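quick one, structure for this:
(2 chains)
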Amino acid sequence: MTDYTPEHVGTVTKYVVVESFTVTPADLAVRAYEISRGVMIKETCFGLVIMGKEKEVDLIITEVRKMDPDHIFVKDRAFPPGDSRRCRATLGGARPGFHGIEYEMTILPYISHALETLGTRDAGSVPAPHSAREKPKLDVYTLKKLIDAQEP
Amino acid sequence: MAKIFIYPATSLILTDMVTRFGHTPLSSATAVRERIQTAGLESVPLQITPEEPKKGLRWAAVEVPSGVRGRMALYGPMIEDCEAAIIINDADLAFGCMGCARTNELIKFLIRQKEIPKLDLDYPKNEAEGLTFVAAIKRFLSELEGKK
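As a prediction, the model looks like this:
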């Protein structure tokens, strides 16, 4: 085993994911570059990856979020952008963690819609969801999945 | 501001919701970041060294595979730290090898054993479910503020 010397100690990396009709990742990148000071910003197909000191990254995210607050989502990332242990440029195939974001991107429109609605409506007036631990025997979505999985 | 354990621990939606409503999410990214920013012996890709399965003994017995114990060294401290938890039960994206699957079961078990406020949810499948999903999280997190 060899010694390990970490890089970018004391920094944080965050994903900014945009799922909006009016704002694109390029718009976010331009706005982020305008206010960045020594922070690394990488534009991706789904938004941005921002790395730097926590205070600076949070400041940029606060500003960028203002562009479309209900359609911009933020998540922590462990590795800095382009790290050879995670970057698919060196590994090939999908980046580990891609499948999670890919799946949740399909749900983001429902979340955005809910955030917009809750902006004008009290959360207390919305009925509670069905208990997630009591599973129905076969719901319509699972049935559809089974039908789609049938080979012709 | 409470520390909220989220399951799946890599969830974009839960991380964002918890932060948006003013709390701190405990996600796997922060635990891995801590390891990759600490000097030591090189152990790519996640800097999980032979020390981690030993630390994992705190949450899993010695006959449990080292893969599970190593993973528990990441998640165990977060489970101990958390003051509340949000669990998504139909999270197919948390798939992986047998080590991941058994660790996920153990995480859920430990969370359910702990006497803290918990919110069990499923991923929404349409706009109406999306509204109840977000409203439930918002209510749950605002009630936590009242309890503190």
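
any idea which element the closest residue to chain A within chain B lies in?
Ranked by C-beta to the nearest C-beta, the top residue of chain B for proximity to chain A is residue B:130, at 2.8 Å. From N, CA and C alone the C-beta is placed, and that goes for glycine too. Element membership of residue B:130, judged by DSSP states H and E, is helix B:127-147.

there's contact between residue B:83 and residue B:144 in this structure, I believe.
Yes. With contact defined as C-beta atoms under 8 Å, residue B:83 and residue B:144 form a contacting pair (7.4 Å).

ok, the residue nearest to the residue of chain B closest to chain A when sequence neighbours are not counted to residue B:113 distance?
Counting by C-beta to C-beta, 6 or more residues apart in numbering or on different chains, residue A:110 is the residue found nearest to residue B:130 once chain neighbours are left out, at 2.8 Å. Separation of residue A:110 from residue B:113 (C-beta to C-beta, to the nearest Å): 32 Å.

now residue B:31
For residue B:31, the distance to residue B:113 - C-beta to C-beta - is 20 Å.

who has more neighbours, the two?
residue B:31 (19 against 9; other C-beta atoms under 10 Å in any protein chain shown).

least confident secondary structure element in chain A?
helix A:88-91 (a mean of 84; mean pLDDT, DSSP states H and E).

residues contacting that one, please?
A:82, A:84, A:94-95, A:98 (C-beta atoms under 8 Å, 6 or more residues apart in numbering or on different chains).

give me the residue from chain A nearest chain B.
Closest point on chain A to chain B, by C-beta to the nearest C-beta, is residue A:110, at 2.8 Å.

before we move on, which element is that residue in?
With DSSP H and E as the criterion, residue A:110 is inside helix A:108-120.

quick one: mean pLDDT over that helix.
Across helix A:108-120, the average pLDDT comes to 96.

next SSE after that helix?
helix A:140-149.

right, is that next one up against chain B?
Yes. Helix A:140-149 lies within reach of chain B by C-beta under 8 Å from any C-beta of the partner chain, at residue A:141.

contacts only, for residue 51.
Since no chain was named, I'll use chain A. A:8, A:11-14, A:39-40, A:57, A:80-81.

look at chain B instead
Contacts of residue B:51 by C-beta under 8 Å, 6+ apart are residue B:73.

tell me the strands beside the helix or strand bottoming out on mean pLDDT in chain B, with direction?
Using mean pLDDT, DSSP H and E, strand B:40-41 stands out as the lowest-scoring helix or strand of chain B, at a mean of 86. With DSSP bridges as the test, strand B:40-41 is paired with strand A:3-4 (antiparallel).

figure out how far the partner strand is from the centre of its chain.
Mean C-alpha position of strand A:3-4 versus that of the full chain (C-alpha atoms, centre = their mean, to the nearest Å) differs by 31 Å.

check stretch A:17-35 too.
The answer for stretch A:17-35 is 13 Å, by C-alpha atoms, centre = their mean.
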